[in-house]
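Trainee: With the input below, show me the fold.
(one chain, ligands or ions: 1)
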Amino acid sequence: MAYITFDSENVNKFVSENELDEIQPLVTVADQQLKDRSGAGFEFTDWLTLPADVHQNELTHIKQAAEKIQSDSDVLIVIGIGGSYLGAKMAIDFLNPVFNNELANQQRSGVKVYFAGNSISSAYINDLIRTIGDQDFSINVISKSGTTTEPAIAFRVFKELLEKKYGKEEAAKRIYATTDGKKGALHDEAQKAGYESFVIPDGVGGRFSVLTPVGLLPLTAAGANVDALMEGAKASQGDFTEADMKKNAAYRYAAIRRILYDKGYTSEILANWEPSMQYLAEWWKQLMGESEGKNQKGIFPSSANYSTDLHSLGQYIQEGRRDLFETVVKLDSPMVDMDLPKLSDNNDGLGYLEGKTIDEINTKAFQGVVLAHVDGGVPNMAIHLPKQDEYTLGYLIYFFEKAVAISGYLFAVNPFNQPGVEAYKTAMFALLGKPGYEEKTKEYQARLR
Ligand SMILES: O=P(O)(O)OC[C@H]1O[C@](O)(CO)[C@@H](O)[C@@H]1O
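Mentor: Predicted structure coming up:
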């Protein structure tokens, strides 16, 4: 019995049970490919068993490093991009108060975490340096390849800042490197300088790495209970093993998406009703987009934050081009609820809402939007979360990972590579004059003139 509820009632108008029965044999083949590791990209499927395989020693190592960070730092700068940042960011946002970094130290369970290296914006770096001010800080630099440009630039800047503040020797004790176990510029530097290091397993790609030290170290430093997170993921690993979609909601989700795509619903909106879940969608977008978007195919992953975006994207979703479907992540009981204040007059016209809590109103809005969007021709699925805690998040992470793996195989693509990302890097390196790109430099410069 799944811990989260996957509700596909509101796709019945668009996808019949019969169609699901017809796609089941393909799902069964995809499942077999994943299970016997015979599918494309099988060498990057070690995430499948991460929750059950996680070593206590590794968790202890992470907890010890997090304790040291908490004892000598107010701030942890997490440097990384893509899968080397989005998992930690979404999990920290999901698990902590919305204004966590602004709370007083004693109101927070861990250090403040700021992210860097996820853009090449000088203003962002400058603002972050100003924000840190004279606070004590440490750095967790994360890069599987150890060579990605954006984090490498940020690391240079913040390492220099750290060395100026503490001296080279002490700075090295405040740098935590999460990278490949054997190779890469970051690996080599970490070895040489003696940074505390954490390994990203070979068989786990960036976007599937949140349950490795990539996500676990920043999360633990921020005060999260990673044991509960891994427990949730482990339960999910156990719950989504059947090939039969009637017993496996992750596969049902993947199959419905595939059928909808064939019918012209080529964009999916992951919607939430909690601002703390905005980055859940950002993480999910990489997971889905990098896994499926190949060979000129794949569902375009997008997101919406409700009710905020009902006042911006709402018009399009209701009446624009009919190629959208929606998956809503809905929290069933909020971390905190509050009553709508009672007034002696009804000047604001809200008297009819008195006696309701804010979350009850949010939930009615969610229900109303589902009805309106379905009536407007937008197929809707909902994933209900019982709580907003570590266990639930671990469970949800694995649900999406398992779903996208099957989905990739249903699209007949390799869900575990990302060859298309290289194109921008080649053009950027050529324009920056990186050695080895001389021919391309001429070609691109001629095009820019
Ligand atoms: O961890 P790395 O090697 O710095 O890569 C960061 C991100 O860059 C990509 O390789 C391409 O965007 C992602 O798959 C990855 O998550």
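Trainee: Residue numbers of the stretch 201-350 of the chain in contact with the ligand?
Mentor: Listed as neighbours of the ligand in the stretch 201-350 of the chain under the rule Cβ under 6 Å from any ligand atom: G206, R207, E290. The C-beta positions use only the backbone N, C-alpha and C, and glycine is treated the same way.
Trainee: mind giving me the domain split of the protein?
Mentor: The record's domain split for the chain, according to the TED database, is 5-39+230-411, 48-224.
Trainee: Turn the ones you listed into CSV, including mean pLDDT.
Mentor: Written out in CSV, the entries for the domains of the chain read as follows (pLDDT from 0 to 100):
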stretch, mean pLDDT
domain 5-39+230-411, 97
domain 48-224, 97
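Trainee: most neighbours per residue, which of these?
Mentor: Mean neighbour count, computed with mean count of other Cβ atoms under 10 Å, is highest for domain 48-224 among the domains of the chain, reaching a mean of 19.
Trainee: Next, the contact list for the residue nearest the centre of the chain, please.
Mentor: Relative to the mean C-alpha position of the chain, the nearest C-alpha, by Cα atoms, centre = their mean, is the one of W283, at 2.1 Å. Neighbouring residues of W283 by Cβ atoms under 8 Å, 6 or more residues apart in numbering: L86, G87, K89, M90, R207, V210.
Trainee: and A193, what does it touch?
Mentor: Taking Cβ under 8 Å, 6+ apart as the contact definition, A193 lies against A172, I175.
Trainee: Make 237 the starting number, not 1.
Mentor: In the new count, where the first residue is 237, that last one comes out as A429.
Trainee: By proximity to the ligand, which residue of the stretch 387-536 of the chain wins?
Mentor: The stretch 387-536 of the chain approaches the ligand most closely through G442 (2.5 Å), counting by Cβ to the nearest ligand atom.
Trainee: so that residue touches G319, yeah?
Mentor: Yes - with contact taken as Cβ atoms under 8 Å, G442 and G319 are classed as touching, separated by 2.7 Å.
Trainee: rewinding a little: pick out the most distant pair among the contacts of W519.
Mentor: K325 and R443 (13.0 Å; Cβ to Cβ).
Trainee: circling back: want to try TSV for the residues of the stretch 437-586 of the chain next to the ligand, with distance to D498 and secondary structure as columns?
Mentor: Formatted as TSV, the entries for those read as follows, by distance: Cβ to Cβ, whole Å; DSSP: H, G, I helix; E, B strand; the rest coil:
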residue	distance to D498	secondary structure
G442	29	helix
R443	25	helix
E526	22	helix
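Trainee: Closest one to G630 out of those, please.
Mentor: Closest to G630, out of all of those and judged by Cβ to Cβ, is R443, at 16.4 Å.
Trainee: does that closest one really touch L523, like I thought?
Mentor: Yes - counting by Cβ under 8 Å, R443 sits close enough to L523 to count as a contact (4.9 Å).
Trainee: quick one, helices of the stretch 337-486 of the chain?
Mentor: In the stretch 337-486 of the chain, helices defined by DSSP state H, counting those that start in this stretch lie at 358-368, 385-402, 404-409, 421-429, 449-457, 462-475, 485-498, listed in chain order.
Trainee: Packing partners of the third one?
Mentor: Contact here means 3 or more Cβ pairs under 8 Å, 6 or more residues apart in numbering; DSSP states H and E; on that basis helix 404-409 packs against helix 385-402.
Trainee: same question, the second one
Mentor: Contacting helix 385-402 under the criterion 3+ Cβ pairs under 8 Å, 6+ apart are the following elements: strand 311-315, strand 348-352, helix 358-368, strand 373-379, helix 404-409, helix 421-429.
Trainee: Including distance to the ligand, could those go into JSON lines?
Mentor: Formatted as JSON lines, those follow (distance: least, Cβ to the nearest ligand atom, whole Å):
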{"stretch": "strand 311-315", "distance to the ligand": "10"}
{"stretch": "strand 348-352", "distance to the ligand": "13"}
{"stretch": "helix 358-368", "distance to the ligand": "17"}
{"stretch": "strand 373-379", "distance to the ligand": "3"}
{"stretch": "helix 404-409", "distance to the ligand": "21"}
{"stretch": "helix 421-429", "distance to the ligand": "8"}
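Trainee: Dump those to TSV, plus distance to R493.
Mentor: Shown next, in TSV, are those (distance: least, Cβ to Cβ, whole Å):
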stretch	distance to R493
strand 311-315	31
strand 348-352	29
helix 358-368	34
strand 373-379	30
helix 404-409	47
helix 421-429	36
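Trainee: The ones you listed: which one's closest to L668?
Mentor: Set against L668 and scored by Cβ to Cβ, the helices and strands packed on helix 385-402 come closest in helix 358-368, at 15.1 Å.
Trainee: which other residues reach the closest one?
Mentor: V311, I313, Y350, A352, A390, V393, L397.
Trainee: Provide a list of residues in contact with the third one.
Mentor: With Cβ under 8 Å, 6+ apart as the criterion, the residues that contact Y350 are V311, L312, I313, V314, N337, L364, T367, I368.
Trainee: What is the most widely separated pair among those?
Mentor: In these, two members sit farther apart than any others by Cβ to Cβ. They are V314 and T367, at 13.9 Å.
Trainee: now do the same end-to-end measure for stretch 664-684.
Mentor: Criterion Cα to Cα, to the nearest Å; first-to-last residue distance in stretch 664-684 is 12 Å.
Trainee: quick one: it near the ligand?
Mentor: No - no part of stretch 664-684 sits close enough to the ligand to count as contact by Cβ under 6 Å from any ligand atom; the gap is at least 12.4 Å.
Trainee: Just the buried positions in that stretch, please.
Mentor: F665, A666, Y673, T677, Y680 (16 or more other Cβ atoms under 10 Å).
Trainee: what's the closest of the residues you listed to K530?
Mentor: Nearest to K530 among the buried residues of stretch 664-684: F665, at 22.5 Å, using Cβ to Cβ.
Trainee: Check which helix or strand the closest one maps to.
Mentor: Applying DSSP states H and E as the criterion places F665 in helix 658-668.
Trainee: contacting residues around that helix?
Mentor: Residues contacting helix 658-668 (Cβ under 8 Å, 6+ apart): T385, G672, Y673, K676, T677, E679, Y680, Q681, L684.
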